[in-house]
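> turn this into a model:
(2 chains)
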Amino acid sequence: MSVIELSHISKRFGKFVAVDDLSFTVEKGEFFGFIGPNGAGKSTTMNMILNFIKQSRGEIALFGQQIPEHELDVKIRIGYVPSDVRFYPQLSVQDLIHYTLDFHHIKGDKAEIDRYCDLFQIDRKKKFGDLSLGNKKKVALVCSMIHHPELLIMDEPTNGLDPLMHARLFRLLKEKQNQGVTIFLSSHNLKEVEDYCSKVAFIKAGRLVGVEDLTTVNKKVKIITLKGEKLPVEQMEAIGAECIKQEDHEARFIYEQELGRLFATLSQFAADLDDITVGDRDLEEQFMAMYENQEAAR
Amino acid sequence: MTLFRLECKTHRKTLLVWIIVVALLTLGLVSLFPAMKDMGLQQMDLKAMPKEMLKAFNLSDMAALSTIKGYFGYEFQYVMIATGIFSAMLGTNALAREESEGTISYLYAQPISRLSIVASKMVANSLIYTTYWLISMIFAFVSCLIFKEAGASVSNLFKAFAQLTFAGWIMGLTFLMVGFLLSSLLSSNKSATSLSLGLVFLTFILGVVGKLKDDFQVLVYFSPVDAALPSAVFKNGIEWNYIMTDLVVLFITCLLTFWFYKRKDLKV
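Modelled structure (predicted):
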């Protein structure tokens, strides 16, 4: 079942095209990463999903229901963490929790709220306006989860969090995912996306560059780095490796073929080389390759 | 209902400050009446001033200043202008402040429609204004009772205040709704105060111009303050043609606010 379904959505601000013909689907229970450089259109896309801004073209469906027609039915099932957390500064954290529960017409599970507040070390008596950036983020995280949402939309949720809280947040998100919650997360931190997301969409200049399944794709693809005076570039290409970078004494290749042939070739030329590294392709590599490919295609 | 409570809580202090300031101002003005009466204020010779000018500043009937009704009617017009500014500011800030302060990212992520946001805020701010106005008028009435001239009829004064309370309430609601319309078009409340001041003073000046020259009398219809001027209400009672004009403006601006807010891109 599709939880988020974007179909050819575009957003124009005057002549500027912030999002251009974007389409992808997020399935139930997925931990979906949404990555791209600054100004790529990530937040604009999230704002359209939540109906903060209206799409110029295309259709958005959440839980199979069209937005904005069914936004009330849908928003009751969503928890949202904005990138820049600016809640009511005059309210205490406890008040914010109460108001959030009131908006959802529920009393809330006290034990669960206590657990979240303890987990993120939140002082509920403090006024929101007196909190630091990191603590504001933690309050937003708690408020996004206390009504048991089926979909969590998080825009840069780890901004301002220390490494301990960062780890606790992702442990909690994994727990939520195991309970069937769908997580849609925008981030600049490729490492956290790579470590936790099952699928990732890349966006650049408002256009979708690609969607990858991280549970399978990166394990098959190897990155080989060779260093030395005499680099066997032609021989590597002959076995199906694609040279993605070549300098005077260093070359990097992507390889998706059989590993036996690769190691046979490498051992053949090992004597001429100073160093050989073979590793899985990480998300950063994939991210850069996708963007460079798109640039080349233009 | 949740947003209604949140909005009321947010404005509690502002409401209290306005009530205290206006009550003290009213008390100060009204307490001067016995001294002003003894000085023979009504004897002041303003014949050198053009009649239209006196009419424009509601000073055409100097003899009326010797009664608490006449004196209060003249002095309180400035409080009416301040009241108009208060209600206009409530309106212009109501929706735009959420975007300006970024709190809309919390509010609109909750299961609440845009129409509910506007409706809850309209009801809450109308209640805040009504509370302010009722308390201010009760305080003004009591002040007038304390400092009234000997022989002034209490029932007559009560009737006059009841009419003024109604006319002033409609005036404030009109400014509130025009403020709401402006707020639905803005994405920041930085200009809310200047817009509110501009709105009240501009419409007040239109009323003055309308009274200065008969050819421009139609301009008085664009001045909600004129529809609720204490001196006019005390003298002529409620002028329904002006009240109806205010109600039409109120209704149209209310509908337009819903229409614009439902369609706008919210600044997150």
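> residues of chain A that sit close to chain B?
Residues of chain A found near chain B (CB under 8 Å from any CB of the partner chain) are A:43, A:47, A:50-54, A:71-72, A:75-76, A:78, A:80, A:82, A:84-90, A:96, A:99-100, A:102-104, A:140, A:143. C-betas here are computed from N, CA, C, even on glycine.
> and residue 135, how many neighbours?
No chain in the question, so chain A it is. Neighbourhood size, residue A:135 [other CB atoms under 10 Å in any protein chain shown]: 21.
> right idea, wrong chain: chain B
Going by other CB under 10 Å, the residues that sit close to residue B:135 add up to 17.
> what residue in the stretch 51-200 of chain A comes nearest to chain B?
When scored by CB to the nearest CB, the stretch 51-200 of chain A has residue A:86 as its residue closest to chain B, at 3.0 Å.
> restricted to helices, list the residues of chain A next to chain B.
Mapping those onto helices (DSSP state H) picks out A:43, A:47, A:71, A:72, A:75, A:96, A:99, A:100, A:102, A:103, A:140, A:143.
> can you put these in CSV and add distance to residue B:114?
CSV is the format used below for these (distance: CB to CB, whole Å):
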residue, distance to residue B:114
A:43, 20
A:47, 14
A:71, 9
A:72, 11
A:75, 12
A:96, 21
A:99, 18
A:100, 19
A:102, 19
A:103, 14
A:140, 22
A:143, 21
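> which among these end up buried?
Using 16 or more other CB atoms under 10 Å in any protein chain shown as the burial test, these include A:43, A:47, A:71, A:75, A:96, A:99, A:100, A:102, A:103, A:140, A:143 as buried.
> can you pick out the most distant pair from the residues you listed?
Distances among those were taken as CB to CB; the most separated pair is A:43 and A:102, at 27.3 Å.
> flag every buried residue along the helix or strand where residue A:115 lies.
Applying DSSP states H and E as the criterion places residue A:115 in helix A:110-119. Neighbour counts over helix A:110-119 (16+ other CB under 10 Å) mark A:113, A:116, A:117, A:119 as buried.
> now do stretch A:221-236
A:222, A:223, A:224, A:226, A:228, A:231, A:232, A:236.
> how long is stretch A:243-259 end to end?
17 Å (CA to CA, to the nearest Å).
> please read the previous query as pertaining to stretch A:77-85.
Terminal residues of stretch A:77-85 are spaced 20 Å apart (CA to CA).
> contact partners for residue A:87?
Contacts for residue A:87 (CB atoms under 8 Å, 6 or more residues apart in numbering or on different chains) come out as A:96, A:128, A:136, A:139, A:140, A:143, B:103, B:106.
> which of those residues lies closest to residue B:137?
Taking the contacts of residue A:87 together and measuring to residue B:137 by CB to CB, the closest member is residue B:103, at 32.8 Å.
> what's the pLDDT at that closest one?
In this prediction, residue B:103 carries a pLDDT score of 95.
> next one: the one 4 residues further on
The predicted local confidence for residue B:107 comes out at a pLDDT of 96.
> show me what contacts residue A:129?
A:89, A:90.
> ugh, wrong one, I meant residue A:119
Residues in contact with residue A:119 (CB under 8 Å, 6+ apart) are A:168, A:172.
> try 6 Å this time
residue A:168 (CB atoms under 6 Å, 6 or more residues apart in numbering or on different chains).
> show the pLDDT at it.
94.
> same check on the one 10 residues further on?
Here the pLDDT value assigned to residue A:129 is 94.
> tell me how far it lies from residue A:135.
From residue A:129 across to residue A:135, the span is 11 Å (CB to CB, to the nearest Å).
> need the CA coordinates for the helix holding residue A:115. CSV is fine.
Extracted in CSV, the C-alpha atoms of helix A:110-119 (Å, rounded to 0.1, in the frame of the first residue of the first chain):
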residue,chain,number,x,y,z
LYS,A,110,1.1,9.0,29.9
ALA,A,111,3.7,6.2,30.1
GLU,A,112,4.6,6.6,26.5
ILE,A,113,4.9,10.4,26.8
ASP,A,114,7.1,10.0,29.9
ARG,A,115,9.3,7.5,28.1
TYR,A,116,9.8,9.9,25.2
CYS,A,117,10.6,12.8,27.5
ASP,A,118,13.0,10.7,29.5
LEU,A,119,14.6,9.4,26.3
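> element containing the nearest residue to residue A:158 once chain neighbours are set aside, please.
If the residues on either side of it in the chain are set aside, residue A:158 comes closest to residue A:166, at 5.1 Å by CB to CB, 6 or more residues apart in numbering or on different chains. If you go by DSSP H and E, residue A:166 is part of helix A:163-178.
> pLDDT of that helix, averaged?
Per-residue pLDDT over helix A:163-178 has a mean of 93.
> check which element follows it along the chain.
Immediately after helix A:163-178, counting by DSSP H and E, sits strand A:182-187.
> model confidence score at residue A:60, please.
Looking at residue A:60, its pLDDT is 96.
> which neighbours does whichever strand or helix holds it have in its sheet, and in what orientation?
Here residue A:60 sits within strand A:57-62, counting by DSSP H and E. Strand A:57-62 pairs in its sheet with strand A:2-13 (antiparallel), strand A:65-67 (antiparallel), by DSSP bridges.
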